[in-house]
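1. What follows is a protein structure lacking sequence information:
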């Protein structure tokens, strides 16, 4: 099964030495699922010909906002709707979670509650899961037919399903302690409040539920409920 990874940004170049870019992180997250991958750097204008180019699709995070004026965002929204209409499975993470909601009629804003960074616990239907996060933007209004699958006091729409073929999460299950530590040191200072960075640093080794989310991504790609 060929999974198309739609990269909507690049992990900071000075942190890629150990982590690689987003596509490498997702390939590690989904290791053992026997998928093949094709990467399209949509942030750089590299788009597939259409939804049939791959069997399933994954939209990554980004430093950009879904609501920002970039020439690659409208065609990405068109592609999202085309993927939905074609019945191809689609997974979205952080920015991917947000742009899918926006493309399907929801609303994304720079959240006035501030940042969420590091290990965060979300209440899923079958219990709590802790995942790494790094975001300020949030989905604040959902499209018709969306089903909330997870939430927290800080993030009401933390995981969302659109039927059986689209599954999105606000957190970054592909981030390990390595990625979060790098962001804390290299990207957080002067941007994220010091107290939040300190708390994230203190919880770098918190047990994570990333493998559970990886299984849910794989099930979505395979059309398994």
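-> Yep, that arrived. As the structure is a computational prediction, the values presented were derived from the model and not from experiment.
2. Do a quick rundown of the helices in this protein.
-> With DSSP state H as the criterion, the chain has helices at 16-19, 22-29, 73-86, 95-103, 177-186, 194-202, 210-222.
3. May I ask which helix or strand of this structure has the lowest mean pLDDT?
-> Ranked by mean pLDDT, DSSP states H and E, the weakest helix or strand in the chain is helix 16-19, scoring a mean of 92.
4. helices or strands next to that one in the packing?
-> For helix 16-19, the contact count by 3 or more CB pairs under 8 Å, 6 or more residues apart in numbering; DSSP states H and E identifies helix 177-186 as packing neighbours. In short, each C-beta sits where N, CA and C put it, glycine included.
5. Could you tell me which ranges of the protein sit under the pLDDT cut-off?
-> By pLDDT under 70, the low-scoring segments of the chain are 225.
6. Start and end of stretch 30-44, how far apart?
-> Using CA to CA, to the nearest Å, the end-to-end distance of stretch 30-44 comes to 25 Å.
7. hmm, who's touching that stretch?
-> 1-10, 23, 26-27, 46-48, 53-54, 56, 62, 64, 72, 75-76, 79, 214, 217-218, 221 (CB atoms under 8 Å, 6 or more residues apart in numbering).
8. Buried ones in that stretch, by neighbour count?
-> For stretch 30-44, a neighbour-count test (16 or more other CB atoms under 10 Å) marks 30, 33, 35, 37, 39, 40, 41, 42, 43 as buried.
9. Go ahead and measure how far that stretch is from the middle of the chain.
-> Distance of stretch 30-44 from its chain centroid, counting by CA atoms, centre = their mean, to the nearest Å, is 13 Å.
10. In this structure residue 130 contacts residue 208, no?
-> Yes. Counting by CB atoms under 8 Å, residue 130 touches residue 208, with 5.6 Å between them.
11. hey, what's in contact with both of the two?
-> Residues touching both residue 130 and residue 208 by CB under 8 Å, 6+ apart: residue 119.
12. partners of the residue nearest the centre of the chain in the sheet?
-> Centroid-nearest residue in the chain: residue 93, 1.1 Å away (criterion: CA atoms, centre = their mean). Counting by DSSP bridges, residue 93 is bridged to residue 169.
13. I'd say it and residue 61 touch.
-> Yes. Between residue 93 and residue 61 there is a contact under CB under 8 Å: 5.8 Å.
14. Can you pull the residues that touch both of those two?
-> residue 172.
15. about what we covered before: now distance to residue 160 too, for the helices of the chain, in CSV please.
-> Formatted as CSV, the helices of the chain follow (distance: least, CB to CB, whole Å):
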stretch, distance to residue 160
helix 16-19, 26
helix 22-29, 19
helix 73-86, 13
helix 95-103, 7
helix 177-186, 23
helix 194-202, 24
helix 210-222, 12
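16. Residue 121 is in contact with residue 133, correct?
-> No. Residue 133 is beyond contact range of residue 121, at 10.2 Å (criterion: CB under 8 Å).
17. Which one's more surrounded, those two?
-> Taking other CB atoms under 10 Å, residue 133 and residue 121 do not tie; residue 133 has more neighbours (25 against 13).
18. quick revisit: select only the buried ones of the contacts of stretch 30-44 in ChimeraX?
-> Typed into ChimeraX, the next command selects the buried ones out of the contacts of stretch 30-44 (criterion: 16+ other CB under 10 Å):
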select :3,4,5,6,7,8,9,10,23,26,27,47,48,54,56,62,64,72,76,79,214,217,218,221
